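Asker: sequence isn't available, so here's the structure alone:
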């Protein structure tokens, strides 16, 4: 996506997205104080373009407009042009996306913002074609009109910018007297039920996103209430997603979203965060149901991530593009004749029948392999095979197609390392390693966590992005919250005190850097970060759970693990700050509500003083096999090791040199026991 031989200023950046635009004829600047000073000196408005390197419509707009000499001249003459990678600067993106949504009722990427040198927007939109078409204004017309208005009608610009400033300065979230309760949990369940697609799974209509945090919420709701519909919604969705084109049946891994209701035609880009969060959802579903299909999908996701999204140093890359050779999905789709040439007649007939490959195709004349209408029993019977024989032949076919696909031009890989997304994968791998008894998964998680510790910290300040030897941008709320969550999952997998201590330290630093001391709640950017026109305080769970949602879950778990009242106080503040949002649209923050299910529903704290004997092994097996997220476990062979982390444990000891279990509930503890049967009885909900 380059044009010309003379680079612009973006050539000095490390962001893959900015580098994609380094040879555009548009005179792009990276975001900096200097560029705003230049705009003021020249009295020019600013054109801010925000996107990311694997964004399909960002590619389209770049090819149509930013590589076009005529459009570039218009932009260069009339505006100062700034490019921002939303994945590196989510703080900038959050502010201007909010403005776009309020101006238009919707947002998306590419995000196109026209603003004053003081960074105040007066117009915003998303994708603009070069010329007006399909009801969309053309970028040339927009540039001309807005530049003329900026210089010739300053009153109109002032009116709009004043309205924007007033809107941004409204304090939406502040601590009141009312708090979030179990009522919001029940309401969220009922609202999800209303939008659930009973035919295909998932929620709302097309485009349809995986929303794994909704599935995690429903798994917990079922576990707490026994309401079968919650479990059925999860299983229907997980089954449908993994059988549809959303899942890559040749190389594994999930694409970003489905353009249709039945999960057939995906938006082909693969994001690290989707792999991480869906890995958690499938792992927990396996833990609850024992369905081996969920285990298989989990293992395949890890295989894909390890093969294609993991750096030699053990960190994880951000994303793989949807486009290849200038076409969306070209790397992933197949002609029926192509499959037949690769597999030979007999194997091809079996594969094309199973994966719904036809001459007509299901995507622009080609085929996205899928199992949407496939029943393996029927296929096995048709081809006179046992299920095991069918599985073996399909795997043979898959490997041949995979080898053939590797000869194609690979899509662009965004190889920057983001702290928050890596932390999600650490959490997912730690959980999968524990549930599936696979130490290599935990080892992968630890390597990534170690990479963050060694490469994404300056002093004790967590940073947001690493690429090509450069660490940049002070970490945001998401970085701290997700990494604290990751360490809690590592602790839950191996009970190493250092992990719990790391989670506590990150949470304490998170409070210091991000807590809104006037109104409560966590702000997105730290108090020591660059000052923008607004510092967002978000609670909405979008493609990923919000930083405030994750922080709240971390606080609830730390309250149980450490019994420290300061975490309990902060947790209560969160419940009060976000009460208005959760009372109106609780289904918009389901990850936040998993905290309520931990604090407001029956829960147990289980302290195990371990002697590494048969009873200890039985307890580890029990914990691994049962999906009981409302049970919080502390395990140690030396309570003194937890003295600075969970002081209340120091007085506990083992009885008769045997593994001893203390079970606590509702602020009172049962008599410690060394009898596994008594433990099982105490842990029975």
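Answerer: All right, it came through fine. Note that the structure is a prediction, hence the values are computed from the model and not measured. Numbering: from 1, shown residues only.

Asker: name the SS class of residue 83, please.
Answerer: strand (DSSP: H, G, I helix; E, B strand; the rest coil).

Asker: give me the number of residues near it?
Answerer: By other C-beta atoms under 10 Å, the residues close to residue 83 number 27. In short, each C-beta sits where N, CA and C put it, glycine included.

Asker: where exactly do the helices run in the stretch 251-400 of the chain?
Answerer: 272-289, 292-308, 336-343, 345-354, 376-382, 387-405 (DSSP state H, counting those that start in this stretch).

Asker: average pLDDT across the shortest one?
Answerer: Helix 376-382 shows an average pLDDT of 97 in the prediction.

Asker: so which residues make contact with that helix?
Answerer: 350, 353-354, 385-387, 389-390 (C-beta atoms under 8 Å, 6 or more residues apart in numbering).

Asker: top of the residues you listed by neighbour count?
Answerer: Going by other C-beta under 10 Å, residue 354 tops the contacts of helix 376-382 with 24 neighbours.

Asker: show me the contacts for that one.
Answerer: Counted by C-beta under 8 Å, 6+ apart, residue 354 has contacts 371, 374, 376, 379, 390, 394.

Asker: how close does the fourth one sit to residue 249?
Answerer: If you measure residue 379 against residue 249 using C-beta to C-beta, to the nearest Å, the figure is 14 Å.

Asker: for the first one, same thing?
Answerer: Applying C-beta to C-beta, the value for residue 371 to residue 249 is 7 Å.

Asker: identify the contacts common to the two.
Answerer: What both residue 371 and residue 249 touch, as defined by C-beta under 8 Å, 6+ apart, is the set residue 355.

Asker: list the buried residues in stretch 36-55.
Answerer: For stretch 36-55, the neighbour count (16 or more other C-beta atoms under 10 Å) marks 36, 39, 44-55 as buried.

Asker: repeat for stretch 568-583
Answerer: In stretch 568-583, the ones that count as buried by 16+ other C-beta under 10 Å are 568, 570-582.

Asker: and for stretch 508-518?
Answerer: 509-511, 513-516.

Asker: now render the residues you listed as JSON lines, adding pLDDT, distance to residue 437 and secondary structure.
Answerer: Formatted as JSON lines, the buried residues of stretch 508-518 follow (pLDDT from 0 to 100; distance: C-beta to C-beta, whole Å; DSSP: H, G, I helix; E, B strand; the rest coil):
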{"residue": "509", "pLDDT": "98", "distance to residue 437": "33", "secondary structure": "helix"}
{"residue": "510", "pLDDT": "98", "distance to residue 437": "32", "secondary structure": "helix"}
{"residue": "511", "pLDDT": "98", "distance to residue 437": "36", "secondary structure": "helix"}
{"residue": "513", "pLDDT": "98", "distance to residue 437": "37", "secondary structure": "helix"}
{"residue": "514", "pLDDT": "98", "distance to residue 437": "37", "secondary structure": "helix"}
{"residue": "515", "pLDDT": "98", "distance to residue 437": "39", "secondary structure": "strand"}
{"residue": "516", "pLDDT": "96", "distance to residue 437": "43", "secondary structure": "coil"}
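
Asker: compute the number of surrounding residues for the residue nearest to residue 76 when sequence neighbours are not counted.
Answerer: Excluding the flanking residues, the one nearest residue 76 by C-beta to C-beta, 6 or more residues apart in numbering is residue 27, at 4.7 Å. Other residues near residue 27 come to 16 when the count uses other C-beta under 10 Å.

Asker: which residues are in contact with residue 27?
Answerer: Neighbours of residue 27 in contact, by C-beta under 8 Å, 6+ apart: 8-9, 72, 75-76, 81.

Asker: equivalent analysis for residue 334, please.
Answerer: So residue 334 contacts 357, 366-367, 369, 401 (C-beta under 8 Å, 6+ apart).

Asker: by neighbour count, which of those wins?
Answerer: residue 367 (24 neighbours).

Asker: ok, that residue to residue 528 distance?
Answerer: Following C-beta to C-beta, the distance that separates residue 367 from residue 528 is 52 Å.

Asker: fine by me, thanks again.
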